[in-house]
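> just a sequence and a predicted model for now, questions to come.
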Amino acid sequence: MFSTAFLDLPPLEGAGGTVLLPGSKSISNRVLLLAALSGGTTTVHDLLDSDDTRVMLAALRQLGCGVAQQGSTVEITGLDGQLKVTQADLFMGNAGTAIRPLTAALAVLGGDFTLHGVPRMHERPIGDLVDALRQLGCLVAYTGNPGYPPLRLGGQGAPPRLHLDAPIRVRGDVSSQFLTALLMALPLVARQDVVIEVVGELISKPYIEITLNLLARFGITVAREGWQRFTIPAGSRYRSPGEIHVEADASSASYFIALGAIATGDSGTIRIEGVGEASIQGDIRFVEAARLMGAQVAGGPNWLEIRRGTWPLKAIDLDCNHIPDAAMTLAVMALYADGPTTLRNIASWRVKETDRIAAMATEMRKLGATVEEGADFIRVQPLANPADWRAASIHTYDDHRVAMCFSLAAFNPAGLPVRVEDPKCVAKTFPDYFETLLSVSHTATRHIPVICVDGPTASGKGTVAVAVAARLGYHFLDSGAMYRVTALAASRAGLAIDTAHEAAIATLAQTLPVRFEGGKVWLAGDDVTEQIRTEEAGMNASRVSALPSVRTALVALQHSFRRLPGLVADGRDMGTVIFPQASLKVYLTASAACRAERRHKQLISKGISTTIDSLRADLEARDARDSSRSVSPLKPAQDALLLDNSEISITQSVDQVLAWWEGRQPF
Ligand SMILES: Nc1ncnc2c1ncn2[C@@H]1O[C@H](COP(=O)(O)OP(=O)(O)OP(=O)(O)O)[C@@H](O)[C@H]1O
Ligand SMILES: Nc1ccn([C@H]2C[C@H](O)[C@@H](COP(=O)(O)O)O2)c(=O)n1
């Protein structure tokens, strides 16, 4: 997951490949609660691992359920319809799919519970559900603003006396989750037939279909008359199915369906695995909307393949009540359409993670689009000409879907980058969204930004480059490590590091079995991270790096680090030879005295005893060799910015490089 303050997506062009999507949030949280309310153990496969499912799992643990997790498989040992713990304070984060059904289940079971969440959760309405529960005889109190969490349930010791004779009326026109909550809670107390009547036009019906489908898997068959009246039969009792698989998330699939429709087709198709046309999730009908806009979509029971069809996309005018979450993706697709697109009947967007109509309109305007918004619709004018697009920093409102949707703007024909603020907000449903997107997206190499940090030994290049890469979410290339590993490989092969063995060492370097992984360096399966860090290894690296054929042999390996979303490269010739077109080049230096002192401290902290004088002599010798060799000598690139950090801290050095970088961005 990208935990950076922002993620700059370079302009993207093509896309192709296979994506395996995380499990559906709606199914995951429903299944967890149903398993918790059933008796025995339910093994849940392919569970989504996200903020919202973690919130649910934590609550279930607090309530006394057994939770054993191994990767994406979780075993839940349920409560068999009885409370084990009768008092708890439950944190619900911003998970609507957790707070609503838990509120209903705990309210009918009795006990004394408080449920609260993040500030935005306390702005999301829950009054219609509370009204229905109070009608039923449950004790529910608002401890903050009336109509919104936090809530206190029960508190009077004995379980509530429920009035089950009359139909329980619940509004269905604000959120279908209130009905879902009742449908999941009432089987716990169905000593007689229990009837729920929906007041108003029920929105998001496909989510109710998911609920009914999953209830059936757990032994509850609900009778339905249209979408107004639901009956839970007397004697209903939860029965675990033993094992259950969670489908991949159809709403998450929408971004990759859109990607296939937008990205230039010559890179092949986008294949999605884990969800297909037979999905029980309502958002699978996004496929129909994407086809209307011109996408070519083929599919099977649990896979989809998408490629670009009509281009530009076709504008649509669509009632999106049946696909409220995925419809946000259509709004960004509309930027690539042949006319204005209107998405209607989306009032529920206003009470989601953020006011999504306002958020989408505001952020699309930043991209240059003309957007009209109403209480329950949004109309988007396409950005027909490349010149109409603007580079924008997209605010994401702690809303995973805003972040994911706007990543698609990086395919703009103007070749502009897009900044996505707070990219970690995707953790709500798809923690690795950006990694997945970038793994199937392509762009011209020249679009992938590179920051070069060159300089003499112990100037702090590595330290600064690693920190800059971490702040930007970029890859990091430690080119010195390649020469160090080559020197080690040569000595393991019994080759003296001299011109007589240049060809043999270059051949070794060409196929060097080296791997850089999680801060570790592996040579043919051996962890050589520490071994290549000694002063002797540095000196050998300096010698090997003076051999021209060895340098040539390592060029392709260094270039291979230039991957999306960007690279920070540290070395001696990054800016002069390896990445001469880099977007920013920094030449980092410090006085020899200062560098010797730093290296001394570094080695002492590792328990290696040495003297400052000998270190200074070594590093001056190394500088001399690196600067005077015939090929790619150490020197600042002509267009490098010089930073002498003798008198400034690491933080100041990093901030300076980032400030220079920021100064070159168009946002
Ligand atoms: N202002 C500073 N900027 C960067 N590093 C500093 C600074 N002050 C102290 N250091 C320390 O200097 C030491 C040397 O830094 P580092 O290993 O990053 O240098 P380097 O240039 O990559 O060296 P080499 O070329 O030998 O790999 C580190 O222990 C680092 O923490
Ligand atoms: N781009 C590079 C990187 C390194 N070298 C050589 C010269 C150095 O003395 C040696 C070790 O580098 P370090 O790990 O200390 O950065 O490798 C080079 O020639 N070109």
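Sure thing, it's come through. Numbers count the residues shown, from 1 in each chain. Ligands and ions are numbered 1, 2, ... in the order given.
> what does residue 192 show for phi and psi?
As for residue 192, its main-chain torsions (degrees, to the nearest 10) stand at phi -140, psi 170.
> start the count at 655, not 1, going forward
Got it, the first residue is 655 from now on, which makes the last one we talked about residue 846.
> that one touches residue 886, doesn't it?
No: using CB atoms under 8 Å, residue 846 is not in contact with residue 886; the gap is 9.6 Å. C-beta here means a position set from N, CA and C on the backbone, and glycine is covered the same way.
> more crowded one of these two?
A side-by-side neighbour count of residue 846 and residue 886, using other CB atoms under 10 Å, places residue 886 first with 25 against 12.
> for that one, give its distance to ligand 2.
Taking CB to the nearest ligand atom, to the nearest Å as the measure, residue 886 and ligand 2 are separated by 69 Å.
> who's in contact with that residue?
Listed by CB atoms under 8 Å, 6 or more residues apart in numbering, the contact partners of residue 886 are 837, 840, 841, 844, 847, 848, 849, 850, 874, 876.
> so which of those residues are in helices?
Counting by DSSP state H, the members of the contacts of residue 886 that fall within helices are residue 837.
> low-confidence ranges, the stretch 905-1054 of the chain, go.
The model of the stretch 905-1054 of the chain has pLDDT under 70 over residues 919-921.
> please repeat the previous calculation with a cut-off of 80.
Low-confidence regions of the stretch 905-1054 of the chain, defined by pLDDT under 80, span residues 919-922.
> residue of it nearest ligand 1, please.
With CB to the nearest ligand atom as the measure, residue 1047 is the residue of the stretch 905-1054 of the chain nearest to ligand 1, at 28.6 Å.
> run through the helices of the stretch 1005-1154 of the chain in chain order.
Applying DSSP state H, counting those that start in this stretch to the stretch 1005-1154 of the chain gives helices spanning 1010-1020, 1054-1061, 1087-1094, 1115-1126, 1133-1146.
> and those helices as TSV, adding mean neighbour count and distance to ligand 1?
As requested, the helices of the stretch 1005-1154 of the chain are arranged in TSV below (neighbours: other CB atoms under 10 Å; distance: least, CB to the nearest ligand atom, whole Å):
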stretch	mean neighbour count	distance to ligand 1
helix 1010-1020	21	36
helix 1054-1061	28	33
helix 1087-1094	20	27
helix 1115-1126	21	3
helix 1133-1146	23	5
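> got JSON lines for those helices, with distance to residue 702 too?
Conversion of the helices of the stretch 1005-1154 of the chain to JSON lines gives the following (distance: least, CB to CB, whole Å):
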{"stretch": "helix 1010-1020", "distance to residue 702": "21"}
{"stretch": "helix 1054-1061", "distance to residue 702": "12"}
{"stretch": "helix 1087-1094", "distance to residue 702": "12"}
{"stretch": "helix 1115-1126", "distance to residue 702": "27"}
{"stretch": "helix 1133-1146", "distance to residue 702": "37"}
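> for those, which one sits closest to ligand 2?
helix 1133-1146 (2.2 Å).
> do the closest one and ligand 2 meet?
Yes: using CB under 6 Å from any ligand atom, helix 1133-1146 reaches ligand 2 at 1133, 1134, 1135, 1137, 1138.
> tell me which strands and helices the helix or strand residue 1313 falls within is in contact with?
Per DSSP states H and E, residue 1313 falls inside helix 1304-1317. Contact here means 3 or more CB pairs under 8 Å, 6 or more residues apart in numbering; DSSP states H and E; on that basis helix 1304-1317 packs against strand 1104-1108, helix 1115-1126, strand 1238-1243, strand 1295-1298.
> same list (those) but as a markdown table, adding distance to ligand 2 and mean pLDDT.
Shown next, in a markdown table, are the helices and strands packed on helix 1304-1317 (distance: least, CB to the nearest ligand atom, whole Å; pLDDT from 0 to 100):
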| stretch | distance to ligand 2 | mean pLDDT |
| --- | --- | --- |
| strand 1104-1108 | 7 | 98 |
| helix 1115-1126 | 7 | 98 |
| strand 1238-1243 | 11 | 98 |
| strand 1295-1298 | 16 | 98 |
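> any chance of those in a markdown table, plus distance to residue 803?
Shown next, in a markdown table, are the helices and strands packed on helix 1304-1317 (distance: least, CB to CB, whole Å):
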| stretch | distance to residue 803 |
| --- | --- |
| strand 1104-1108 | 45 |
| helix 1115-1126 | 35 |
| strand 1238-1243 | 46 |
| strand 1295-1298 | 50 |
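> about what we covered before: name the residues of the helix holding residue 1313 that come out as buried.
Burial within helix 1304-1317, assessed by neighbour count using 16 or more other CB atoms under 10 Å, is assigned to 1307, 1308, 1309, 1310, 1311, 1312, 1315.
> which two in these are spaced the farthest apart?
1307 and 1315 (12.9 Å; CB to CB).
> about what we covered before: tabulate the contacts of residue 886 (CSV), appending distance to ligand 1 and neighbour count.
Conversion of those to CSV gives the following (distance: CB to the nearest ligand atom, whole Å; neighbours: other CB atoms under 10 Å):
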residue, distance to ligand 1, neighbour count
837, 59, 25
840, 62, 25
841, 61, 25
844, 66, 17
847, 72, 14
848, 66, 26
849, 69, 18
850, 64, 23
874, 61, 23
876, 63, 19
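> hmm, residue 1121 is touching residue 1310, no?
No: with contact defined as CB under 8 Å, residue 1121 does not count as touching residue 1310 (11.4 Å).
> ok, the closest residue to residue 1140 other than its chain neighbours - how many residues close by?
Leaving aside its sequence neighbours, residue 1140 sits nearest to residue 1163 (CB to CB, 6 or more residues apart in numbering; 4.8 Å). By the other CB under 10 Å criterion, the neighbourhood of residue 1163 contains 26 residues.
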